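# Please work out how this folds:
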Amino acid sequence: MNQPNPQAVGLAAEPAAAIGKYRWTICGLLFFATTINYLDRQVLSLLAPALSQEFGWSNTDYANIAAVFQFVYAISMLFAGRVIDRMGTRRAFVLAIVIWSFGAILHAYSVGIGSTLSNLLAAVGIAAVPVSVAGFMVGRAVLALGEAGNFPAAIKATAEYFPKKERSFATGIFNSGANIGAILAPVTVPLIADLWGWQSAFIIIGAIGFVWMGFWLYFYDVPSKQKRLSRAELDYINSDAAENSATAAMAAAAPAAGAEPRKASWFKLLAYRQTWAFTAGKFLTDGVWWFFLFWLPKFMSAQYGISATEMVVPLAVLYSMTMFGSIGGGWFPTFFINRGASVYQGRMRAMLTIAFFPLAVLLAQPLGYLGIWVPVILIGIGASAHQAWSANLFTTVSDMFPKHSVGSVVGIGGMAGGLGGVLITKVAGKLFDHYNALGQIQTGYMIMFTFCALAYLIAWCIMKALVPAHKEITDL
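Here you go, the predicted model:
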């Protein structure tokens, strides 16, 4: 049995002020990056009802555009993790945000891009894709390519700057940026579009990422090189008993100063059940969040006939709820840990409890006749549960894998989550067009809400079956 590390115990007992808190500045940077990430990706969904009318898109057309983002995001996530592990968090995050900000702005020029692309496809004998659809597909693909770097980089930065006991809370905080982005988007995007046109919404929101990049370059460096980090805080960050006990065993494998970072092949990572547990959790549940992001404005427009500006308050309330889920979910495992559970036991107990809350979504469609606020609150509960779940799911990677492979494992799981999102988006588009033609669009939404409600319990059971007890990997 590992004995407590005296230095770690001493540091844990020190007041927070004595230890220092620069790590929370890094958490703040990750929070704002995630906020921008979700602002950029949500512009299209908020403008979708108006753009569908302007360009004559069907639900399937919109689903195809959204699915391109998810598919490219999924594939890019796999490689993003590897790139981040090799380049380092600082440089890789800059590359990611430059690409996704450019991709966000590119949406404003979708018609011209689509016209060029359609002509090129026609010249080689490929059936032309509608101009607007083709153009938005290009913009979504570039956006996805860059945005895929956000979460692997943020999780890696969290593993670098926080001891394990703080990681889920830090993850919950930066992950709540997704909720803030989702709140700010309906407040700002329709207003910008009304004042200056839909193209301006993509350009203005997309340019924010370049501002963040300046702050990142100024404030971030790896902890060992961070001049703003006190020695006490650096020792605290590195105070995990499990890591200290493994130091001697890993020393021989540690790279020399200036050497290339250690890396494990995808095939080696896929040999671990821990990788598959994380991957299964992402595949089954990420698509639920994508569904809420991409289809809620369409749902409100189809079911209640409200415009983009009229959606501002309901969507702002719904995504405000999710902020509590994200931060509260990150803290929740400590409730069990403080009562004697191990980190893994506390995490899994928290995730099981959280998995029951999305069942509220089952009532969103049956009770929808009571008015828009009933489904808003019920879906808000489900979306909040997703963010609480996600904060813990991400942290399972840094709980079980060494820091140098965290980005790669998150990338593998992220790819699975993206592919799950593609599947849900495509199925949703087909279902909605089918039932809309029958005059029964409510049935299509009921089917999708049922999956959203049950996905987390199914995912938890699979994860628990794959990894019934915590086992940290130290041989990579």
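# contacts and neighbour counts: CA atoms only from here.
Will do.
# Low-confidence stretches in the stretch 201-350 of the chain?
Confidence mapping of the stretch 201-350 of the chain against pLDDT under 70 gives the ranges 240-264.
# how about the helices of it, start to end?
Along the stretch 201-350 of the chain, counting by DSSP state H, counting those that start in this stretch, helices occupy 231-237, 241-251, 266-269, 273-304, 312-337, 343-356.
# give the contact list for the residue nearest the centre of the chain.
Nearest to the geometric centre of the chain sits residue 151, at 6.0 Å (CA atoms, centre = their mean). Neighbouring residues of residue 151 by CA atoms under 8 Å, 6 or more residues apart in numbering: 34, 410.
# Output the helix or strand that contains it as CSV - backbone C-alpha positions only.
Assigned by DSSP states H and E, residue 151 belongs to helix 150-161. The C-alpha trace of helix 150-161 is given here as CSV (Å, rounded to 0.1, in the frame of the first residue of the first chain):
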residue,chain,number,x,y,z
ASN,A,150,-9.8,22.9,-27.6
PHE,A,151,-10.7,20.0,-25.3
PRO,A,152,-7.6,17.8,-25.6
ALA,A,153,-5.5,20.9,-25.0
ALA,A,154,-7.6,22.1,-22.1
ILE,A,155,-7.6,18.7,-20.4
LYS,A,156,-3.8,18.4,-20.9
ALA,A,157,-3.3,21.9,-19.5
THR,A,158,-5.5,20.9,-16.5
ALA,A,159,-3.4,17.8,-15.9
GLU,A,160,-0.3,19.9,-16.1
TYR,A,161,-1.5,22.6,-13.6
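# between the helices of the stretch 201-350 of the chain, which gets nearest to residue 370?
Ranking those by proximity to residue 370 (CA to CA) places helix 273-304 first, at 11.3 Å.
# Just list what the closest one packs against, helices and strands only.
helix 22-55, helix 373-400, helix 403-437, helix 441-466 (3 or more CA pairs under 8 Å, 6 or more residues apart in numbering; DSSP states H and E).
# rank the ones you listed by pLDDT, which is bottom?
Here the helices and strands packed on helix 273-304 differ in mean pLDDT, and the lowest is helix 403-437 at a mean of 84.
# What are the buried residues along it?
By 16 or more other CA atoms under 10 Å, the buried positions in helix 403-437 come out as 403-426, 428-434, 436.
# what does stretch 299-319 give?
Neighbour-count burial for stretch 299-319 flags 299-301, 303, 306-309, 311-312, 314-316, 318-319 (criterion: 16+ other CA under 10 Å).
# go on, stretch 42-54?
Neighbour-count burial for stretch 42-54, counted by 16+ other CA under 10 Å, picks out 42, 43, 44, 45, 46, 47, 48, 49, 50, 51, 52.
# Residue 394: which of those residues is nearest?
Distances from residue 394 to these, taken as CA to CA, are shortest for residue 42 (21.8 Å).
# ok, residue 171 touching residue 391?
Yes - counting by CA atoms under 8 Å, residue 171 touches residue 391, with 5.6 Å between them.
# Quickly list what's touching both of the two.
Contacts common to residue 171 and residue 391, judged by CA under 8 Å, 6+ apart, are residue 330.
# Counting neighbours, what do you get for residue 471?
Number of residues near residue 471 (other CA atoms under 10 Å) recorded here: 12.
# nope, residue 222 is what I was after
For residue 222, the neighbour count with other CA under 10 Å is 13.
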